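**Student:** Structure for this input, please:
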Amino acid sequence: MSALPGISVPRVPVLFKAACPDCRARFELSAGALRLAIGASRRTTFYSFTCPECGAAVRKPAGERIVELLTGGGVRTLRLHSTV
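**Tutor:** Numbers count the residues shown, from 1 in each chain. As a prediction, the model looks like this:
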């Protein structure tokens with residue numbers, strides 16, 4: 001969005017810094033390479049990605065700030081619902 005009508009500001013792709021706990025590589029991922037799952041508790045709220053270096057499936061906990069950053073950056077979100 002722009003403060004001036006008729007003028008649009010191009011969106012710059014958001015990149016997120018990440019690291020693989022298996023191979024210890026550090027890299028940047030686009031929003032499309034990450035997934036966010038929001039559950040009913042801290043234990044069931046996490047983000048995941050595939051390491052581009054070694055191919056490992058990585059899952060890390062996501063606190064409130066991480067959830068805010070990832071959703072604001074366009075990461076696809078899955079809301080987990082309890083079945084009780």
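
**Student:** residues contacting residue 42?
**Tutor:** Going by Cβ atoms under 8 Å, 6 or more residues apart in numbering, residue 42 touches 61, 63. Using the backbone N, CA and C atoms, a C-beta is placed for each residue, glycine as well.

**Student:** now residue 36
**Tutor:** Neighbouring residues of residue 36 by Cβ under 8 Å, 6+ apart: 46-47, 62, 67, 70-71, 75-78.

**Student:** Is there a quick ChimeraX command that grabs whichever of the residues you listed are buried?
**Tutor:** The buried residues among the contacts of residue 36 can be selected in ChimeraX (16 or more other Cβ atoms under 10 Å) with this line:
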select :46,47,62,67,70,75
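
**Student:** Pipe the contacts of residue 36 into JSON lines and attach pLDDT, distance to residue 15 and secondary structure per row.
**Tutor:** Shown next, in JSON lines, are the contacts of residue 36 (pLDDT from 0 to 100; distance: Cβ to Cβ, whole Å; DSSP: H, G, I helix; E, B strand; the rest coil):
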{"residue": "46", "pLDDT": "97", "distance to residue 15": "20", "secondary structure": "strand"}
{"residue": "47", "pLDDT": "97", "distance to residue 15": "14", "secondary structure": "strand"}
{"residue": "62", "pLDDT": "96", "distance to residue 15": "17", "secondary structure": "coil"}
{"residue": "67", "pLDDT": "95", "distance to residue 15": "18", "secondary structure": "helix"}
{"residue": "70", "pLDDT": "96", "distance to residue 15": "12", "secondary structure": "helix"}
{"residue": "71", "pLDDT": "94", "distance to residue 15": "16", "secondary structure": "helix"}
{"residue": "75", "pLDDT": "96", "distance to residue 15": "12", "secondary structure": "coil"}
{"residue": "76", "pLDDT": "94", "distance to residue 15": "16", "secondary structure": "strand"}
{"residue": "77", "pLDDT": "94", "distance to residue 15": "18", "secondary structure": "strand"}
{"residue": "78", "pLDDT": "93", "distance to residue 15": "21", "secondary structure": "strand"}
